[in-house]
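Visitor: Okay, sequence plus prediction incoming.
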2 protein chains.
Amino acid sequence: MQDLVQRCDRYLAEHEAEHLQALGDLLRIPSVSALPQHQADVQRAAEWVAARLRAIGVPEVRLLETERNPIVFGHWPVDPSLPTALVYGHYDVQPPDPLELWETPPFEPTLRDGRLYARGASDDKGNLFAALCGIEALVRIIGHPPINLKFFFEGEEEIGSPSMAAAIRQYRELLACDVVISADGGMYGHDQPSLTLSSKGICACQVDLRTAATDMHSGQYGAVIANAVQTLVQLAATFHTPDGRVAVAGFYDKVRELSPEERAEIAAVPFDPDEFLANVGAKALWGEPGYTPLERAWARPTLDLNGFWGGFQGEGIKTVTPCEAHLKITCRLVPDQDPEEILDLIERHVQAHCPPWAEVRVTRFPGSARPFAIRRDHPALAAAREVLRELYGKEPLMTRVGGTIPVAELFQRELGADMLFFAWGMPDNRVHAPNESYRLEDFRTMARAYVRLLPRLATVMARA
Amino acid sequence: MQDLVQRCDRYLAEHEAEHLQALGDLLRIPSVSALPQHQADVQRAAEWVAARLRAIGVPEVRLLETERNPIVFGHWPVDPSLPTALVYGHYDVQPPDPLELWETPPFEPTLRDGRLYARGASDDKGNLFAALCGIEALVRIIGHPPINLKFFFEGEEEIGSPSMAAAIRQYRELLACDVVISADGGMYGHDQPSLTLSSKGICACQVDLRTAATDMHSGQYGAVIANAVQTLVQLAATFHTPDGRVAVAGFYDKVRELSPEERAEIAAVPFDPDEFLANVGAKALWGEPGYTPLERAWARPTLDLNGFWGGFQGEGIKTVTPCEAHLKITCRLVPDQDPEEILDLIERHVQAHCPPWAEVRVTRFPGSARPFAIRRDHPALAAAREVLRELYGKEPLMTRVGGTIPVAELFQRELGADMLFFAWGMPDNRVHAPNESYRLEDFRTMARAYVRLLPRLATVMARA
């Protein structure tokens, strides 16, 4: 195996110029999924990736139709006694604007100071392509991949993957696998490898409250008919305790508490509160008592008031007693909270706290996602840890994501396969912003990491 | 005196057609103060009223300049040993739109079913003119008014009298009087005379709260940095107890409690809760416990949340942790609350309840007004009561206004003269709405009421 790895590394070094040229071709396609005028480019990028898979040697490659943008699907069965990994990524990119802030044009990839600059250089074309390079190296040396491989590259990630839930359900037989490896994701820092253990779930609703049919003159009615803004303010204030816990009955019932080991892992991750506060211009940290900031951000659920409006918002004074007021809520959820159950609790809370002089309606929004966490004893996680230790000569940090990665939970739910995040996005890559870039060194490291990971999976993972 | 009254009544009956024709001329002038294109009409209406005063015989009549629209001022001194009354009203009107809902054009006065239809027919040209007719009758019979008279007819009432505070201060020597009689106001109903004892004061401010320099991603920051909407919701909820009392320390300290007599007076006023609720489409009454709805509406102060906004208000979901939120507040005040003192208390409350993770600013708005109440033992009030008793054969109700009439308090503060509301607006006159009208019967009654009131003031009021 040591020999295989060395030969692959050499292959990668020898073919780097060629690989970078190919990546440049992919980056030149402005596959912006959010802009209808780039629909043909999105399609073109899908076909480019499919062709690349074929060039590597993947025997079955095709575009799977969805309600929106195609999934590039590939399948390279090797041996039914070996495990099957599905490699995930996305070929669509964020819009490039504001264009005037780019030092070189977003769709003209440019090498500068060891970095490749372009929209998608990091998120996710660079990462996706680095994974393919690692696989290509293995295939060129062995003649085939070391395990059964499937490929799933979507074209809607930057618009929230609207048709992925239906697509993954529809193609679940085709996608069946033992583990999903995400070539979309990041590391804690250049010299600090990390592994992402979990992401939060989400659920969302709107609360509409009414106290009368019409806005009223506060002099005539303010003392006699309830003010909808005041009533909803009083109701909304019951969602949290003053010190920041969620006060909805049952909200924490299914929350899996962090183990002492997990708390130690999180405590090992450097966190600079001053830098964190300076980033957003806040003067103090806030949140649920009893947990450190990173514990809260990564492993504690929240109920967030995303917006509140009612009554007069203009300049100066309007002596109105508003008849209606509105509130937007999302919750970030952690294992084992269920989005629909949490919405049930919120609805019950709202109805229980709605006074008799008001009428209130809770409207649920689609787009719920369950929290995701990779099994802590997943052999792929242990294998990835060894690879990072070998490449960096240090222990990776165990990190988590406070945001939501719906596709991770969808794969887990529909395919029964956990997602291993294994990608090299870095905090300073300016993803979603002008002058997005990807360090060549990270590109190299990622390809070499895939070279080391996949053969290991053949030995550590049982076939499902 | 009985003879004088009878002769005046006869004069009014004989000249009614002529009076209505003159009122029609005034109503034909579209003196809409809110619309710049009617500026010349506003001026024309002022000159019309001034000419009318001269025609009655008022020896000194002139237009007083203000920052905006002129005040029609008149002075008829009779005898320095007699009291001086200043008659107040306004010659400007509300805009007439929506025009398509008028059965006859708003500036073509039309008599129908005993009512005169036109914009301003009731508010306030009709009432103003009825007062002048009564005074004219007295002047024609006696040769001069029974007391010293001043006239003050403004042209900005429908836009909130923006320059009256400065004007009344500027002309305070000229306006000096013992009582102000307002020809702008109303009665409880056609067959139910009433006297207005008070109106509420007002003060206003805006609360702006901030927790960070920028809106944040709720997945990254929602558990760690304070949400401005949530923080302001919690703060705003402290303004009231759950049962509807204002919870700002000291808010009620200077409130003059209603006496048992006043409560009895208010209890004597018919109030139909079902009709009241149906009017605004509310399902329940609300307000400070321990007081009846009319006591609250007329004699208890309120702190009204007129508007609240922060974060996302669009369709669907946005997972934002808002960095700022805003709240509009007005208070309706009763004697002896002081607007600036109340704003001090609110500011202190806000600062005391602002948590350490937020910054909050309270901005005061101009336009404060103190509460107004006529002295309960004012001789003009007793005189008016006798007049109404005589004309209607029943006891007038003692009512109050929940809204604010800044000019009443301005006259009281600057001239030391209380305002007696003595006008015949009726709840069904549709003031400020299409098809505004004034009953001819109310026009006649009002003129006859002035005929009866003014001579009484000569005997009951001491000269200041």
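Guide: Sure thing, it's come through. Residues are numbered from 1 along each chain as shown, chains lettered A, B, ... in the order given.
Visitor: Tell me how many other residues surround the nearest residue to A:Gly155 once chain neighbours are set aside.
Guide: If the residues on either side of it in the chain are set aside, A:Gly155 comes closest to A:Asn69, at 3.3 Å by C-beta to C-beta, 6 or more residues apart in numbering or on different chains. To be clear about C-beta, it is placed using only N, CA and C from the backbone, and glycine gets the same treatment. Residues within reach of A:Asn69, counting by other C-beta atoms under 10 Å in any protein chain shown, total 28.
Visitor: and A:Asn69, what is it in contact with?
Guide: A:Ser33, A:Val42, A:Gln43, A:Ala46, A:Asp92, A:Glu154, A:Gly155, A:Glu156, A:Ser163 (C-beta atoms under 8 Å, 6 or more residues apart in numbering or on different chains).
Visitor: one more time with 6 Å, if that's ok
Guide: A:Val42, A:Gly155, A:Glu156 (C-beta atoms under 6 Å, 6 or more residues apart in numbering or on different chains).
Visitor: separation between the first one and A:Pro162?
Guide: Taking C-beta to C-beta, to the nearest Å as the measure, A:Val42 falls 14 Å from A:Pro162.
Visitor: try A:Leu128
Guide: In terms of C-beta to C-beta, A:Leu128 sits 20 Å off from A:Pro162.
Visitor: of those two, who's got more company?
Guide: A:Leu128 (27 against 17).
Visitor: Hmm, A:Gly89 and the more buried one touching each other?
Guide: Yes: between A:Leu128 and A:Gly89 there is a contact at 3.6 Å, judged by C-beta atoms under 6 Å.
Visitor: Which residues are in contact with each of these two?
Guide: In contact with both A:Leu128 and A:Gly89: A:Ala183, using C-beta under 6 Å, 6+ apart.
Visitor: Around A:Glu67, count how many other residues there are.
Guide: 11.
Visitor: Contact partners for the residue nearest to it when sequence neighbours are not counted?
Guide: Nearest-residue entry for A:Glu67: A:Ser163, 3.9 Å, with adjacent residues in sequence omitted and distances by C-beta to C-beta, 6+ apart. A:Ser163 makes contact with A:Thr66, A:Glu67, A:Arg68, according to C-beta under 6 Å, 6+ apart.
Visitor: Now do the same for A:Ser163: its pLDDT.
Guide: pLDDT recorded at A:Ser163 is 94.
Visitor: again, but for A:Gln2
Guide: A:Gln2 is given a pLDDT of 80.
Visitor: Helix or strand: which one has the residue nearest to A:Gly155?
Guide: Per DSSP states H and E: A:Asn69 is located in neither a helix nor a strand.
Visitor: And it, its phi and psi?
Guide: Phi and psi for A:Asn69, reported as degrees, to the nearest 10, are phi -100, psi 150.
Visitor: mind checking pLDDT for it?
Guide: For A:Asn69, the predicted pLDDT is 97.
Visitor: For B:Cys205, see how far away it is.
Guide: 51 Å.
Visitor: And for A:Val460?
Guide: 66 Å.
Visitor: The two: who's more crowded?
Guide: Using other C-beta under 10 Å as the criterion, A:Val460 and B:Cys205 rank with B:Cys205 on top: 21 against 13.
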